[in-house]
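Engineer: Need a 3D model of the sequence below.
(chains A and B)
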Amino acid sequence: MHDKPIISWRAAGVSLGLLLTLATYLVSPLGVSTQFVVTDAIALHSIAPEMAETNAYLAKYGTKQDWGVGYGWMLVFGMLIGAAVTSRALGHKQPEEDKGSMPRLWATQFGPSRIKRLSAAFAGGLLLLFGARLAGGCTSGHMISGISQLAVGSLIFGIVTFSVAILTAKFLFRQRGN
Amino acid sequence: MTLMIGFLIGCAFGAILYLGGASSYRNILGTLLLKDMTIIKLMMTAIGVGTLGIYLLDLGQLAHMSVKPAYLWGIAAGGGIFGIGWAVSGYCPGTCVVGTAEGKLDAVATLIGALVGAFLFAIAFPSLDALLIQNANFGKITLSDLIGVPGFYIAAAMSAALLFLAFFVLKDRYE
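Structural biologist: The predicted structure follows:
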């Protein structure tokens, strides 16, 4: 059956663990969510520099002289390029169900409206980054890198996040009364 | 040079997430609905290998660790908000970048939402800082600090447990 991801979870998991080790040896562990703040800071510096300089949080991630494009930002930019190249080269091996902007599982539960899917994705993204910045990390920085370093805060993040996400998913996909 | 290393590590990271199916709504929701274990097994394997790798490096003083501070209320509240966003969008901050690279419009919507969410947090930060981040903040502590056992032993035990669970206990699918 042409249904599984292009590489197995074993291959992906082992390579991700080795990549994390290499990153920790060369520079520092993997992280993504901080770079959304850096990107905001860069954008705001070009639109409204006063506001960017006076905001206590954004000012931490770049000034007029230095936009904060460092190792971390290049890493996330690299993810974009790496995934773009790989998906163009090997897209023919990706299961059909994993392609496109309207997941079949979503459409089965919530209907085929594109507006509904895009609105939910936008709202979900907003919650993701608000939550990640409040907690200080996301799936990569807290869960993968943080738990690997045995960080207590990251273990708490992992437990809370998975519990709430599972409850939310179970609620969203509860059986509708027929 | 550091910029180039970051770029290359990012390329590999993005490729692995794409190839492993982590940017697929079906696979993420499958894990959160506790039916398809692909993604959780991928994560357990990554942590199992990563923790051993990092603490082996640490034995030779070669690890550039970056432990995040443990502030209970902010992490619990932020984790909860993050969990809802994860289940609703089917993406996390890293995989929405990967989905965007694939040309998925729902991933683009998540990415834009994420940029807005980060901006809203920047505005809210001064009023949340004292209450949720400075409060009950135990600093950059690890399990090793907490229980007083060298990190390598804990990492080795956790690695063995996670890899055993992923490879030999959990099934690929539960109905």
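Engineer: Quick one: distance of stretch A:62-75 to the chain centre.
Structural biologist: With CA atoms, centre = their mean, to the nearest Å as the basis, stretch A:62-75 stands 19 Å off its chain's centre.
Engineer: Return the helix or strand in chain A with minimum mean pLDDT.
Structural biologist: helix A:49-54 (a mean of 88; mean pLDDT, DSSP states H and E).
Engineer: Following that one in sequence, what is the next regular element?
Structural biologist: helix A:71-90 (DSSP states H and E).
Engineer: Go through the least confident helix or strand of chain A and flag the buried ones.
Structural biologist: Using 16 or more other CB atoms under 10 Å in any protein chain shown as the test for burial, helix A:49-54 gives residue A:52. Heads up, the C-betas are built off the backbone N, CA and C, glycines and all.
Engineer: ok, now stretch B:48-66?
Structural biologist: Buried, per 16+ other CB under 10 Å, within stretch B:48-66: B:48-58, B:63, B:65-66.
Engineer: For residue A:131, state which of those is nearest.
Structural biologist: residue B:66 (19.9 Å; CB to CB).
Engineer: That closest one in helix, strand or coil?
Structural biologist: Assigned by DSSP: H, G, I helix; E, B strand; the rest coil, the conformation of residue B:66 is coil.
Engineer: wait, what's in contact with the closest residue to it other than its chain neighbours?
Structural biologist: Nearest residue to residue B:66, sequence neighbours excluded (CB to CB, 6 or more residues apart in numbering or on different chains): residue A:28, at 4.9 Å. Residue A:28 makes contact with A:71, B:64, B:65, B:66, according to CB atoms under 8 Å, 6 or more residues apart in numbering or on different chains.
Engineer: which pair in those residues spans the largest distance?
Structural biologist: A:71 and B:65 (14.8 Å).
Engineer: what about the helix ranked longest in chain B, distance to the chain center?
Structural biologist: For chain B, the helix reaching the highest residue count under DSSP state H is reported as helix B:105-128. Relative to the chain's own centre, helix B:105-128 is displaced by 18 Å; criterion: CA atoms, centre = their mean.
Engineer: buried ones in the following helix or strand past it?
Structural biologist: Per DSSP H and E, the first helix or strand lying C-terminal to helix B:105-128 is helix B:143-147. Using 16+ other CB under 10 Å as the burial criterion, the residues of helix B:143-147 that qualify are B:143, B:144, B:145.
Engineer: So which other helices or strands are in contact with helix B:143-147?
Structural biologist: Helices and strands touching helix B:143-147, by 3 or more CB pairs under 8 Å, 6 or more residues apart in numbering or on different chains; DSSP states H and E, are helix A:152-172, helix B:151-164.
Engineer: Now render those as TSV, adding mean neighbour count and mean pLDDT.
Structural biologist: Listed next are the helices and strands packed on helix B:143-147 as TSV, based on neighbours: other CB atoms under 10 Å in any protein chain shown; pLDDT from 0 to 100:
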stretch	mean neighbour count	mean pLDDT
helix A:152-172	20	98
helix B:151-164	17	98
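Engineer: Adding distance to residue B:6, write these out as JSON lines.
Structural biologist: Shown next, in JSON lines, are the helices and strands packed on helix B:143-147 (distance: least, CB to CB, whole Å):
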{"stretch": "helix A:152-172", "distance to residue B:6": "21"}
{"stretch": "helix B:151-164", "distance to residue B:6": "25"}
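Engineer: For residue A:53, find the nearest of these.
Structural biologist: Nearest to residue A:53, of all the helices and strands packed on helix B:143-147, is helix A:152-172, at 29.5 Å by CB to CB.
Engineer: Name the residues that touch the closest one?
Structural biologist: Helix A:152-172 has contacts (CB under 8 Å, 6+ apart) with A:109, A:135-137, A:139, A:142-143, A:145-147, B:29, B:32-34, B:68-72, B:75-76, B:78-80, B:82-84, B:86-88, B:138, B:141-143, B:145-146.
Engineer: Low-confidence stretches in chain A?
Structural biologist: Scanning chain A for pLDDT under 70 picks out A:1-2, A:63-65, A:176-178.
Engineer: Is the helix or strand in which residue A:19 is found positioned near chain B?
Structural biologist: Per DSSP H and E: residue A:19 is located in helix A:9-26. Yes - Helix A:9-26 lies within reach of chain B by CB under 8 Å from any CB of the partner chain, at A:9-26.
Engineer: where does the least confident helix or strand of chain A sit relative to the chain's centre, distance-wise?
Structural biologist: How far helix A:49-54 lies from its chain's middle: 27 Å, per CA atoms, centre = their mean.
Engineer: In PDB, could you pull the C-alpha coordinates for it?
Structural biologist: Below are the C-alpha coordinates for helix A:49-54, written out as PDB (Å, rounded to 0.1, in the frame of the first residue of the first chain):
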ATOM      1  CA  PRO A  49      11.400  51.300  13.800                       C
ATOM      2  CA  GLU A  50      10.200  53.400  16.900                       C
ATOM      3  CA  MET A  51       7.700  50.800  17.900                       C
ATOM      4  CA  ALA A  52      10.200  47.900  17.400                       C
ATOM      5  CA  GLU A  53      12.800  49.700  19.500                       C
ATOM      6  CA  THR A  54      10.400  50.500  22.300                       C
END
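Engineer: how about that helix, does it reach chain B?
Structural biologist: No - Helix A:49-54 is not in contact with chain B by CB under 8 Å from any CB; minimum separation 9.2 Å.
Engineer: who does that helix touch, helix- and strand-wise?
Structural biologist: Judged by 3+ CB pairs under 8 Å, 6+ apart, helix A:49-54 is in contact with helix A:34-47.
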